[in-house]
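A.B. asks: Sharing a model prediction with you, sequence too.
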Amino acid sequence: MSFQSIQALSPGDQILFNRFGRGQTYPLAYDTVTAAFDAIVESYPYSTAVRECYGFERTITYAELDWRSNIIANHLIGDHGLQPGQRVVCVYSRCIEMCAFIFGVMKAGGQYVPIDGAVMVEESLEHVIRDSEAPIVLCLSNFREKVERSLPESSQARIVALDTVDPIWKKGDTRAPSVDIGPEDGAYVIYTSGTTGKPKGVDVKHEGTCNTLLNEPSKLGITVGTNVACVLMLGFDMCAWEILGTLMNGGTLNLRGPSRPGGDREVWNTCLSRVDVVITTPSGAQKYLPRQAEYPNVKTIAVGGEPCPLSLADEWAPHINFWNVCGPTEISILNTAHLHKVGTKLAIGKPNPNTNVYILDEEQNPVKIGEPGLMWVGGLGVSRGYLNSPKLTEERYKVDKFANDGRMMFNTGDLGRWLDNGTLEHLGRKDDQVKIKGCRVELDGVSSSIEKFPSVDKACALKIGEELWAFYSASGAVNETALQKHLATCLNHYARPSKLINMVVVPLTPGGKIDKKALKALAEEKLEASRQLTEKAASEKRLTNIVVSEKPMPVQTPPQYSKENELPGMNHFDITEKGLKDDTSSTNELMDGKEIELPQKKGWHGQRWLRHKGLNAYRKLFIFVFMINVFAFIGMIYGTVGGLPIDGLATAVAANLLASVAFRQDHVVNTVFWLATRWPTSAPLWIRRHFARCYHMGGIHSAGAVSATIWWIIFAVQSTMYFVNGSQIYPINAATVALTFVVLALFLAILVMSYPSIRMKMHDQFEWTHRFAGWTALVMVWAHIVVSTASISQASDQPLSLALSQSPAMWLVVFITLSIALPWMRLRQVNVIPEPLSNHAVRLHFDFCTPPPGRGIRITDSPLREWHAFATITEPGKAGFSIIVSRAGDWTGRIIENPPTKIWTRGSPASGVLRVAPLFKKIVLVATGSGIGPCMPVIMAGKVSCCVFWSTPNPEKTYGEIILKAVQATDAGSVIWNTRTQGRPNMALEAYKMYKESGAECVCVISNKVVTTKLIYDLETRGVPAFGPIWDS
C-alpha cells in the first residue's frame, strides 16, 4: 500500500489526528543550551548550581561553574585545537568537574559524548572513541589509565586528564570564549546499546534539547532553588535531562555518591532525602523510592525508559506530581508526558510543545483513532541521526509528510494508540512482539498483566527458546495458583507463561532498566542445569519439571551492579496444561547454603578512619620515630645551658638520615623481611598478622627524612646565632653557615617533591630531585662536616683528623655514603630475552640470578634518568627469573614496542609485600592487570596455598597461556575476571567471598594505588586481614 496521507481517514478521525497528534506551539526562550545557561548565570550568579551529596559535600555557584566551564573551553580551543562541531568524549563520574566538562565542551562549540567511567567497559569505550571520531578525550585523572588502554590503535585522539585540584582551575582563562553556536549544532551524542550489535551514537542538537528542557511539562517546574537529584547512569539520556534540565533552569543539581560495596541504597537515600525532583526509571523508583511516606520532601517524580507499573504510580500520585513519560534518545529525551491521577488509566500523555506524534501502520499511513500502530514523532526534538550509520538513519528518519515544513520524523519503534481523551496508551515495543505457538504475543502486555496481580511489583516476560518465561518480584507472598487463575482471565492461553520465576528483586542495568540479558542468562543456566540432570537420570523416562532453587542463585553480572542488583533467591515453577506444578525438592537444588554478602563495616566512621587510615602501620612507625626525636630534643634542651650543642644537633641529623637511607637499602629491607617472616604458621594469627605489616617500614624512611630536615633547620638557626654572636664555645665561620643553608635548601626541595600529590603529578621530577639533589646534599654534608669541624677544632688546637675521627656525625655519614653507594657499585648491564605477550605486555627473561619469591628488581635503559621496579617471577627448578612489563606510560610503551636484548640493573633484588606470604597457611591473592606478575612466584612456588582473583582485560590475549594456566591451577575457587567482557568487578565483594569460601587467613592485593588502598580499607574495616603496597610502603 502506498502513502495515503490522512485523506484515507474518516473526517472525524482526520480532525482528531491533527488535534491529538500536535503539541502546542511555543517559541523557544533560548535555542542553544549554552544561551540558556548563560542567562541563568547572569541572573542568579550566586545561586548554588551543583552539590555533591557525599564526602565533604562540595558545592559550586553558577558563577563559579561558568568560570570553570570557560576555563575548560579555552583550554580545549587554545591548547588542544578543538574546532566548532568536533566531538569530545567525556569520561567522568558524578562530581562538580563533570558539569564543568559538559558546559566547557559546549561553550567551545563542541559536542560532548558522556561516558560513565566507572561503568563502561574498555571495549565499549574503544568503540565510542573510534566511532565518534573525537579528537580529544576529556577525563578525570583517575580514569586516564582506562582511557589509555581503550584508545584505538588508529586513533590520534589526545587525552586531557584533569582532577579536582588541577592547577588549571586557578591559572586558566575564565573569559567566555568567542564561538558562534547555533540551534542546529550538536549539543551531545548519546550511545545507546540497542538490541543487537555495537552501541550507536545518537546525534542530538541544541534546538531539540532546548525544546524539551525549557518547556513544560518536561521542565518539571524546575526553577531557582529547586533541588533536583542526579542519580542515573551518566551515559543515559535521562541523565542529560537531570543535568541540563536543572542547570538550564536555575535549579540545584544534587549528585549522589558512588556505589558502595554491599549496596548503594544508602548513597541514593542521602541524595533523595534532600531533593524536590527525581527523574528515574520505574525500576529505579521501585527500588529506591518504594513508599511516599519515606520521602516527604519529594514533590515531583518523572519516570520513563520502560513501562511503569500502575501500583507505583498510584503510590505516589495522591501526594505529588507523578509524571509517566515516553520518548527515545532520538527525540531529545522525551516526546510525551502524562500527569497520573489515581483511578485513571496509566497513559504516556500528550505530545510535548512543538512536537508531533503520529500513529501509523507499516506503510507509514495513519491508522484509525483508537487502533494500535507504530509511534512516529516529528517536531523540534528530532535528532540529526546516527553517527556513521547512514543506512540506519535512512531507515528510521523520514521526511515528515504530515507537517510539510522540511523537518524529519522518527520511527520510535514503540506501539501505541490514542485514547478517547487524547492521551496515548503505550502498547510496548515493536521488537517486543514475538510468536508463541504461531500466535503473536506482546511481551509488555504479559508483563503488565502479571503486575496487576496483588503484591507483584515488577514483571518481565521473555521468549526463551520456543517458550514464554516470566520473571517477577513481589512485596508480599504470592499465591501461585491464584496468579495462574488471574492470568487465565486476562491472557489468551498461548500468551500465558509456561515458566514463572519469583525473584526477590528483578535485576537492573546501570541505566535503571530491567536487565533482560541477565534474565536470559539465568534462564539458559537453569535449562543447562535441567539438561545435566536429565543426563544423570537416564533411567527415568522423562524429566517433567525443571530444577527448583529456593536459595540464592548466583548469576555473573556486570560489575556496575551493586549487590542489591544481583539475581537473588527465587522460587521457580512450571505451568502446564494440567495446572501449576511446584517442585521444591531439596535434591534438585543447584546450590547449598546462602550467597555470601559483604557485611557492614565495623565501628563508626571516625573510629574506622583513625584505626585503618589515620593510624595505620606506616603512620604508627612514622609517629614512633618522630616522637623519639621529640623526646631527644626535649632532653637536649634540658641537658644544656647557653645554647644547643652543635655536635649533638649534627649527630641527630646524621642519625635520622641514616635511618631514612638504610630503610631503603636493599640488604636492610631484605633483612627486615627475613626477620619478620621467621614466625611459623602455627603461631597465633594476630602475631603473624602484625609482623606481616613489616612492608610499612617506609614510615621509618619518611620519618627519618622529615626529622632530619627539622633537626637541620634547628642546626641552621643555632649555628647562625653562634656565628652572629661570635661564640667562643662553637666558633662557627661564614663558610659553615653558607653550606648549612645550601644543604637546607636541598633537603627542603627533596621533601617538597616527595609530598604525595606532587610526587604523583611530577614523578619524573621527583626521581631527579631525589637522586641528584640527594647526591649533591651528600657532597655538601661532607664538605660541611669538614669545614665546621675545622672551624671548631682550631679553637681548641685539636688536629682536624683527630676531631673528625671523634665525631659521631662523621661516622654516621660514612655509613650513609656506603648505603647509597652500594647499589650503584653493583650497576651492570645484563642480557635480556624478551617474550612478547601482546601489544600491551612483554615478558623479559634474565639469567644473572635466581631470587626467592616475593622480590623485585629495578631496571632502566637510562641509569641516570629513571628507574622502574618490577616483581621477579621465578619458576621452581629453573635458574633465572622473568618480569612482566605492561603498558602504563611512555617508558613501558617503548619497552613493549622495541623489546631490549640488554638492560641496566643495580643493587640486589629487594623484598616486596608478597615476601610475607609464607607467614600464612592460605592466602587470597587479588590482582589487577600486570599485578599478576608479583603473584606468580608465590603461585608457582607452591609453598603457600593460595586462591587467586585476577581482574584484567583479555587475560589470555594480553598475558599469554602460560600465566593463565598457572593461575587456573592454583585453586578450584580461583577466578579470572575479563573486564573486556564482564565489565568492572566489585572487588571488595569478590575478595570477601573468596576469603570466606576458601578459608584463607588473609588477602594480599597487588594493584594500582587507588584500588589497593580502597580495597584494603574495605576489607580491614570488615575484619579481614589485608595487605598490599600502599603509598611509600
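C.D. replies: Here it is on my side, so go on.

A.B. asks: just for this protein, where's the confidence low?
C.D. replies: For the chain, applying pLDDT under 70 flags the ranges 1-5, 193-198, 260-263, 431-441, 492-494, 510-511, 533-596, 795-796, 969-973, 1031-1033.

A.B. asks: distance between the longest helix along it and the chain's centre?
C.D. replies: If you go by DSSP state H, the chain has its longest helix at helix 698-725. Distance, stretch centre to chain centre, for helix 698-725: 43 Å (Cα atoms, centre = their mean, to the nearest Å).

A.B. asks: now stretch 850-860
C.D. replies: Remark: stretch 850-860 is offset 32 Å from the chain centroid, using Cα atoms, centre = their mean.

A.B. asks: Can I get that stretch as PDB, trimmed to CA atoms?
C.D. replies: Extracted C-alpha coordinates of stretch 850-860, given in PDB (Å, rounded to 0.1, in the frame of the first residue of the first chain):
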ATOM      1  CA  THR A 850      67.600 -16.600  40.900                       C
ATOM      2  CA  PRO A 851      65.800 -14.500  43.600                       C
ATOM      3  CA  PRO A 852      63.400 -16.100  46.000                       C
ATOM      4  CA  PRO A 853      59.600 -15.500  45.600                       C
ATOM      5  CA  GLY A 854      58.400 -12.000  46.600                       C
ATOM      6  CA  ARG A 855      61.300  -9.900  45.400                       C
ATOM      7  CA  GLY A 856      61.600  -7.200  42.800                       C
ATOM      8  CA  ILE A 857      64.200  -5.700  40.600                       C
ATOM      9  CA  ARG A 858      65.000  -2.200  39.200                       C
ATOM     10  CA  ILE A 859      65.700  -1.800  35.500                       C
ATOM     11  CA  THR A 860      66.300   1.000  33.100                       C
END
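
A.B. asks: quick one: contacts of it?
C.D. replies: Residues from elsewhere that reach stretch 850-860, judged by Cβ atoms under 8 Å, 6 or more residues apart in numbering: 670, 673, 844, 846, 866-872, 874, 878-881, 883, 903-907, 909-917, 934, 937-938, 940-941, 943. Just so you know, the C-beta spots here come from the backbone N, C-alpha and C atoms, and that holds for glycine as well.

A.B. asks: Mark which of those are part of helices, please.
C.D. replies: When the contacts of stretch 850-860 are checked against helices (DSSP H), the matches are 670, 673, 934, 937, 938, 940, 941.

A.B. asks: List just the nearest of the residues you listed to residue 782.
C.D. replies: Residue 782 lies nearest to residue 670 out of the ones in helices among the contacts of stretch 850-860, by Cβ to Cβ, at 27.8 Å.

A.B. asks: any idea how far residue 694 is from the residue lying closest to that closest one once chain neighbours are set aside?
C.D. replies: Closest residue to residue 670 apart from its sequence neighbours, by Cβ to Cβ, 6 or more residues apart in numbering: residue 911 at 5.1 Å. Note on residue 911: its distance to residue 694, by Cβ to Cβ, to the nearest Å, is 9 Å.

A.B. asks: any idea how this structure splits into domains?
C.D. replies: Split into domains by automatic domain parsing, the chain comes to 437-588, 605-825, 829-1033.

A.B. asks: that older thread, tell me which two of the ones in helices among the contacts of stretch 850-860 sit farthest apart.
C.D. replies: The distance between the two most remote of the ones in helices among the contacts of stretch 850-860 (Cβ to Cβ) is 20.4 Å, for 670 and 940.

A.B. asks: Taking the centroid of this structure, which residue is nearest it?
C.D. replies: The chain has residue 118 as the residue nearest its centroid, 2.7 Å off, counting by Cα atoms, centre = their mean.

A.B. asks: quick revisit: could I get the domains of the chain in JSON lines, plus columns for mean neighbour count and distance to residue 207?
C.D. replies: Below are the domains of the chain laid out as JSON lines (neighbours: other Cβ atoms under 10 Å; distance: least, Cβ to Cβ, whole Å):
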{"stretch": "domain 437-588", "mean neighbour count": "17", "distance to residue 207": "25"}
{"stretch": "domain 605-825", "mean neighbour count": "17", "distance to residue 207": "41"}
{"stretch": "domain 829-1033", "mean neighbour count": "19", "distance to residue 207": "35"}
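
A.B. asks: Which one, of the ones you listed, ends up nearest to residue 428?
C.D. replies: domain 437-588 (3.1 Å).

A.B. asks: got the contact list for the nearest residue to residue 693 once chain neighbours are set aside?
C.D. replies: Among residues not flanking residue 693 along the chain, residue 617 sits closest, at 4.1 Å (Cβ to Cβ, 6+ apart). Taking Cβ under 8 Å, 6+ apart, we find residue 617 in contact with 693, 696, 699.

A.B. asks: And residue 940, by the same measure?
C.D. replies: Contacts for residue 940 were tallied using Cβ under 8 Å, 6+ apart; they are 853, 873, 874, 875, 876, 966.

A.B. asks: Quick check: residue 622 vs residue 615, distance?
C.D. replies: Distance of residue 622 to residue 615, computed by Cβ to Cβ: 10 Å.

A.B. asks: Over to residue 155?
C.D. replies: Separation of residue 155 from residue 615 (Cβ to Cβ): 46 Å.

A.B. asks: Which stretches in the stretch 651-800 of the chain count as helices?
C.D. replies: With DSSP state H, counting those that start in this stretch, the ranges of helices along the stretch 651-800 of the chain come out as 666-676, 685-691, 698-725, 734-754, 756-761, 763-768, 774-795, 800-805.

A.B. asks: Tell me what angle the third one forms with helix 734-754.
C.D. replies: If you take axes from the mean of the first three to the mean of the last three Cα atoms, to 10 degrees, helix 698-725 sits at 150 degrees to helix 734-754.

A.B. asks: how many neighbours does residue 392 have?
C.D. replies: When neighbours are counted by other Cβ atoms under 10 Å, residue 392 registers 14.

A.B. asks: ok, it - contacts?
C.D. replies: Residues near residue 392 by Cβ under 8 Å, 6+ apart: 200, 386.

A.B. asks: just checking, it is part of a helix?
C.D. replies: Yes. Under DSSP: H, G, I helix; E, B strand; the rest coil, residue 392 falls within a helix.

A.B. asks: for this protein, longest strand please?
C.D. replies: Assignment by DSSP state E gives strand 408-418 as the longest strand of the chain.

A.B. asks: For that one, which helices and strands make contact with it?
C.D. replies: If contacts are counted by 3 or more Cβ pairs under 8 Å, 6 or more residues apart in numbering; DSSP states H and E, strand 408-418 sits against strand 355-360, strand 373-379, helix 390-396, strand 397-399, strand 424-429.

A.B. asks: Okay, now the sheet partners of the second one, with direction.
C.D. replies: Strand 373-379 has its sheet partners listed here by DSSP bridges as strand 355-360 (antiparallel), strand 408-418 (antiparallel).

A.B. asks: for the shortest one, same thing?
C.D. replies: Sheet partners assigned to strand 397-399 using DSSP bridges are listed as strand 408-418 (antiparallel).

A.B. asks: Show me what counts as buried in the strand it pairs with.
C.D. replies: Neighbour counts over strand 408-418 (16 or more other Cβ atoms under 10 Å) mark 408, 409, 410, 411, 412, 413, 414, 415, 416, 417, 418 as buried.
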